[in-house]
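Undergrad: take this sequence and fold it.
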Amino acid sequence: MAVFQESLRSAPARAAPLLRSIRRTSGDCVLLLFVVFLAPNSLQALDGTPAGFRNRIRNLYDAFGYGKRGTSLDWGYSAFVEFNGKTILFDSGSRADLLAQNAKALGIDLAKVDIAVLSHRHADHASGFDYLLKVNPNVTLYLPSDRGLGAPEHWTFDKPPESARIPPEEMYWGGKKTSIAYKSSGRFWNARVEWVNAAREVAPGVFVIPTTGSMMGDFSKYPPNEKRPDLIGIPELSLALKTSKGMVLLVGCAHSTIERIVIEAMSLLKTDVELLAGGFHLLPYSSEEITALAQKLKADLAVRRIAPAHCSGVQAMQIFKKVFGEGYSYAGLESEVFFGP
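TA: This next block holds a predicted model:
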């Protein structure tokens, strides 16, 4: 009741006489009718989103959340995004059957998804796409350019000198090829795949932004070329939505570090971050390190709202809640985080 009354106080002056009348009414139903039917364009949700506007991020898969509507908790992440008439599935959790269960429990029809994006190759983000592709085989799936997923790589082979007189049958491709586009079929071989190795706009106001984590990955060089092998970082994609208030930035696990992803996205889209959501991968860090990061995101990088989920960690969520105050949104399983056009 108090929330509705507070919203009504900000309505235009023409609503004042009716407001006084409603305050004298003891039934909440009359007030609700006024809010929904008589003043939908003059009211706003607590986060500033116009009443009735449906842009939102819904958590479909996570290990924490309400679990009140028939969903099941599990380690992994998936978010269903509604943005300006488009629907986007960002990541898909650890199990296809649980993704299907959670989507049905929340009344979400994945057969109607317009765009699908995978942040990175880890199973707790990629596995549920098996269900999506079963019910929606023609959806375009945007994948990071990762050879572990089947993305092509250019390989060059040394050609032996002619003086060596090596018979053709002892050389690759009979000595006629010195380079190939190395490509495995990958798990999504039968899907409509777009490999993303540079930022691109995939729908009006919808961007996928690649970064590469430098701290974990695959061996790329071996001795004696170097004293120890280097690591290729894990390629990952983030989803950026350009709104009238700034950017909504959704990340999967932030293996590239969350601050780097924010800086990269701001540089590419030339706008501030209105909402930062998803998995920030802060489980191993101390409270001091997380507090410094939270303050940097808010003060230095001017992130206005934040909604951590998945691998962000319980400690980090509590710290972000304290640092961001009213700019913090709960984002567990079944949650809805709204944002404007």
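Undergrad: assign a three-state SS to the closest residue to residue 124 other than its chain neighbours, would you?
TA: In space, residue 124 comes closest to residue 76 once its chain neighbours are excluded; the distance is 3.8 Å by CB to CB, 6 or more residues apart in numbering. Heads up, the C-betas are built off the backbone N, CA and C, glycines and all. Following DSSP: H, G, I helix; E, B strand; the rest coil, the label given to residue 76 is coil.
Undergrad: how much space separates residue 76 from residue 333?
TA: Here residue 76 is placed at a distance of 10 Å from residue 333 (CB to CB, to the nearest Å).
Undergrad: which neighbours do these two share?
TA: Common neighbours of residue 76 and residue 333, counting by CB atoms under 8 Å, 6 or more residues apart in numbering, are 61-63.
Undergrad: where exactly do the strands run in the stretch 151-300 of the chain?
TA: Using DSSP state E, counting those that start in this stretch, the strands found in the stretch 151-300 of the chain span residues 153-156, 179-182, 192-196, 200-203, 206-219, 231-243, 246-251, 273-279.
Undergrad: may I see these arranged in a markdown table, with mean neighbour count as well?
TA: Formatted as a markdown table, the strands of the stretch 151-300 of the chain follow (neighbours: other CB atoms under 10 Å):
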| stretch | mean neighbour count |
| --- | --- |
| strand 153-156 | 10 |
| strand 179-182 | 11 |
| strand 192-196 | 17 |
| strand 200-203 | 14 |
| strand 206-219 | 18 |
| strand 231-243 | 22 |
| strand 246-251 | 26 |
| strand 273-279 | 26 |
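Undergrad: those strands: lowest mean pLDDT?
TA: Among the strands of the stretch 151-300 of the chain, strand 206-219 carries the lowest mean pLDDT, a mean of 80.
Undergrad: my guess is the residue nearest to residue 124 meets residue 129, correct?
TA: No - with contact defined as CB atoms under 8 Å, residue 76 does not reach residue 129; the gap is 11.8 Å.
Undergrad: tally of neighbours for residue 328?
TA: Neighbour count for residue 328, taken as other CB atoms under 10 Å: 19.
Undergrad: make that residue 175, sorry
TA: Residues contacting residue 175 under the criterion other CB under 10 Å number 16.
Undergrad: check contacts around it.
TA: Applying CB under 8 Å, 6+ apart to residue 175 gives the contacts 159-160, 166, 168.
Undergrad: quick check, nearest of the residues you listed to residue 209?
TA: residue 159 (38.4 Å; CB to CB).
Undergrad: residue 178 versus the closest one, what's the distance?
TA: As defined by CB to CB, residue 159 lies at a distance of 5 Å from residue 178.
Undergrad: what does residue 204 give?
TA: Distance from residue 204 to residue 178, by CB to CB: 43 Å.
Undergrad: which one of the two is surrounded by more residues?
TA: Shown here are residue 204 and residue 178; by other CB under 10 Å, residue 178 has more neighbours (13 against 10).
Undergrad: the more buried one: what's it in contact with?
TA: Contact partners of residue 178, counting by CB under 8 Å, 6+ apart, are 156-159.
Undergrad: can we see that at 6 Å?
TA: Each residue near residue 178 by CB atoms under 6 Å, 6 or more residues apart in numbering is listed here: 157, 159.
Undergrad: just residue 290 next, same as before
TA: By CB under 6 Å, 6+ apart, residue 290 lies in contact with 282, 316, 319.
Undergrad: sorry, back to before: in CSV, list the strands of the stretch 151-300 of the chain along with distance to residue 87.
TA: Below are the strands of the stretch 151-300 of the chain laid out as CSV (distance: least, CB to CB, whole Å):
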stretch, distance to residue 87
strand 153-156, 32
strand 179-182, 33
strand 192-196, 16
strand 200-203, 10
strand 206-219, 11
strand 231-243, 12
strand 246-251, 14
strand 273-279, 16
